[in-house]
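>>> Model the structure of this input:
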Amino acid sequence: MPKLFSDPEAIAENIIRDVGTDLVVGLPLGLGKANHVVNALYARAVADRSIKLTLFSALTLEKPHPSSLLERRFIGPVIDRLFGGYPDLAYANALHAGELPPNIEVIEFFFLAGKWLRVPYAQQHYISANYTHAASYLLTRGLNVVTQLVAKRVVDGRTRYSLSCNTDTTLDILRARNEGRASFRLIGQVNSELPFMPGAGDLAADEFSAVLDSPATDFPLFAPPAEPVSDTKYAIGLHAASLVPDGGTLQIGIGQVGDALAQGLIVRHRNGAQFHALMKRLAPANEPAQTGPFAKGLYGVSEMLIEAFLGLIDAGILRREVDGVKLHGAFFVGPKSLYRALREMPDQQLARIQMMPVSFTNQIYGDEEAKRRARVGARFVNNAMLATLMGAAVSDGLDDGQVVSGVGGQYNFVAQAFALEGARSVLTLEATRQAGRKTQSNIRWNYGHETIPRHLRDVFVTEYGVADVRGRSDAETIAAMLAVTDSRFQDELARVAKDAGKLPKNHEIPGAHRENFPGRIAQALKPAREAGLLPSFPFGSDFTEVEQRLIPALQLLRDAQRTPLKLPGLLWQGMTRPPDAPNRECLTRLGLDRPRSFAERGLRALVDRVPLRGVAGGGSPRSPA
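The predicted structure is shown next:
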């Protein structure tokens, strides 16, 4: 049985006494970090430079840090409400401050997106790795401690611990230990909010060397709120939803596109005629590939379990079972409503959701025949930042080598798409991005970094449509990518391709794709938005109703700040018009109802000017009261 501790310093002392002063510690990706144990080990290493501490991790979660006055007024109370009791990770604070001691090393293979740009230490110690390779890299570095947040349950008088949110690499490493290929101490920290997930991650107590279990070290789980789904993301998600065959298999990546895709599938299942009409407005020249309901249903296999999957289960779409399971996942992190739904789910329903090692979800090796039978009609949907006209994808880094996030499982799923019969990799991206005041195309002629090479090109989706480029020639691929490019950039990109001799000089972009502008997308979605089919928060929100009204207004203000000439007009109109009742609530929420300075008066006028309307839809049984 494990040694039980109630004090983090005591468990850290026990670890050092058992393992020694050369510690190679594996921390689960994201939510599963045992923060108090990690901080106690870090404090010991800071105090005693004879201790060498290596932390190997991914996706270090940190509370948001708003910069502007308006951001602080809006997000400050949200941070207090959702993250107030979440203990900061001391090593992350030291990295940001440039104060990491020389006897401590921090290595990550996946970053919280954009968090470590221009931080030299983090960039230099990043390991570029497929998710499925991370466990082997840990083992080759001499892993001797794994610390993990766990859920606890007593069954027939015996204590059991669930790896819950992070079976991903831990189960693979435990298998290596059971096979004699590794030797390490598994250390748990009990968290009362963590759902006890059944399946392979439900472990007997004797798998652990020590467990920290105390009300004093219990803490609220990191719970990033769902963001509103924009028109652009909805258009992308709807296009992707038209590619999913009934009876197939679904994987969804991180972000708003996942919510948009799931809601698109729900609209398609429940409102087929409206879905078809919506798709014809989005892409008048193309007939959508799939518009019918899901008579057979889908099976989910995804490294990340996102809340949208629960919405698909509720809607009766995710119901095709494999060995009695509707959804296999490897890790989760999400809003409070996700954790609450999993905690409160009846055992019979929860048994249909199984957490597995990432070696199971992300690849077909190991019981390959069974996986091939299960993963029929697979659609692996993941996000990219940029794409090239010849079909390479950029998802994790910049052309100067700076890492934004990481490869994660994207390459794994692209490889599966080519290995499985009838499977497709669907990479989604917004057609443009804002760089200061300038709009840039996310589809480029070439780029100095790539995540997925062009010889693995398959399906790309932007808000303007679908480019199916698998097995296509370079010229065919370029033409297809131009058709889903924002029209403000099509001519220049076509010229570059023609000058390079990769596109015929007489090629012309079809007229149906010459209207790729944001305004057309907004108009195409407007009837469905007004009918409540495309709510801004399709699976609920941890934002209050007032905050939900404020979000679009603050986004408009942010966009206006990129065009300073618009600001004086907004400011004057706001100062000369009294606020209506909904606006007063929002101004009070931001502390601008009684401005005390010229800056606050200006902010009040700007906020008061932009439209503060109710967010369309947004309800879900899991939405907080």
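>>> Now do the same for the residue lying closest to His239 once chain neighbours are set aside: helix, strand or coil?
By the measure of Cβ to Cβ, 6 or more residues apart in numbering, the closest residue to His239 outside its immediate chain neighbours is Val461, 4.8 Å from it. Any C-beta I mention is one placed from the backbone N, CA and C, and that applies to glycine too. For Val461, the secondary structure call by DSSP: H, G, I helix; E, B strand; the rest coil comes out as strand.
>>> Please confirm that Ala235 is located within a helix.
Yes: counting by three-state DSSP, Ala235 falls inside a helix.
>>> Count the residues that sit near the closest residue to it other than its chain neighbours.
Once flanking residues are discounted, Ala235 sits nearest to Glu463: 3.7 Å by Cβ to Cβ, 6+ apart. Here the count is done by other Cβ atoms under 10 Å, and Glu463 has 28 residues near it.
>>> now do Ile107
18.
>>> same question, Arg160
Counted with other Cβ under 10 Å, residues neighbouring Arg160 total 17.
>>> helix/strand/coil for the residue nearest in space to the middle of the chain?
Most central in the chain under Cα atoms, centre = their mean is Ile254, positioned 2.5 Å from the mean C-alpha point. With three-state DSSP as the basis, Ile254 sits in coil.
>>> residues contacting it?
When contacts are counted by Cβ atoms under 8 Å, 6 or more residues apart in numbering, Ile254 touches 304, 306, 383.
>>> now the first one: how far from Gln440?
Same thing as Met304. For Met304, the distance to Gln440 equals 28 Å [Cβ to Cβ, to the nearest Å].
>>> More neighbours: which of those two?
Met304 (22 against 15).
>>> Quick check: pLDDT value at the more buried one.
With respect to pLDDT, Met304 scores 97.
>>> again, but for Pro64
For Pro64, the model assigns a pLDDT of 86.
>>> hang on, isn't Ala200 packed against Thr361?
No: look at Ala200 against Thr361 with Cβ atoms under 8 Å: they stay out of range, at 11.6 Å.
>>> Look at the two and report which has more neighbours.
More neighbours surround Thr361 than the other of Ala200 and Thr361, with 28 against 17 (other Cβ under 10 Å).
>>> wait, isn't that one in contact with Ala330?
Yes: taking contacts as Cβ under 8 Å, Thr361 lies within contact range of Ala330: 4.6 Å.
>>> Using the record's domain definitions, break the chain down for me.
3-217, 231-520, 545-609 (automatic domain parsing).
>>> Can I get the ones you listed in JSON lines including distance to Pro535?
Below are those laid out as JSON lines (distance: least, Cβ to Cβ, whole Å):
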{"stretch": "domain 3-217", "distance to Pro535": "20"}
{"stretch": "domain 231-520", "distance to Pro535": "7"}
{"stretch": "domain 545-609", "distance to Pro535": "10"}
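>>> sorry, back to before: any common contacting residues for Thr361 and Ala330?
Both Thr361 and Ala330 are in contact with 302-303, where contact means Cβ under 8 Å, 6+ apart.
>>> How about the secondary structure of Ala12?
Look at Ala12: counting by three-state DSSP, its state is helix.
>>> which residue ranges form the strands in the stretch 51-200 of the chain?
Using DSSP state E, counting those that start in this stretch, the strands of the stretch 51-200 of the chain run over residues 52-57, 104-108, 145-155, 158-162, 185-190.
>>> what sits up against the first one?
Just to be clear, that refers to strand 52-57. 21-29, 33, 38, 41-42, 45, 91, 103-108, 137-138, 141, 143.
>>> same question, the last one
For strand 185-190, the external contacting residues (Cβ under 8 Å, 6+ apart) are 2, 11, 15, 18-19, 34-37, 144-152, 161, 170, 174, 207-213, 217-218.
>>> That one: partners in the sheet, and parallel or antiparallel?
If you go by DSSP bridges, strand 185-190 pairs up with strand 145-155 (parallel), strand 210-212 (parallel).
>>> Quick one: closest of the domains of the chain to Phe539.
With Cβ to Cβ, the closest approach to Phe539 among these belongs to domain 231-520: 4.8 Å.
>>> Run through the residues that contact Leu603.
69-70, 590, 592, 595.
>>> secondary structure element for it?
Using DSSP states H and E, Leu603 sits in helix 598-609.
>>> can you check Arg379 too?
Arg379 is part of strand 378-383, with elements assigned from DSSP H and E.
>>> Strand partners (parallel or antiparallel) of that strand?
strand 249-252 (parallel), strand 424-428 (parallel).
>>> Quick check: Gly292 vs Gly247, distance?
To Gly247, Gly292 is 11 Å away according to Cβ to Cβ.
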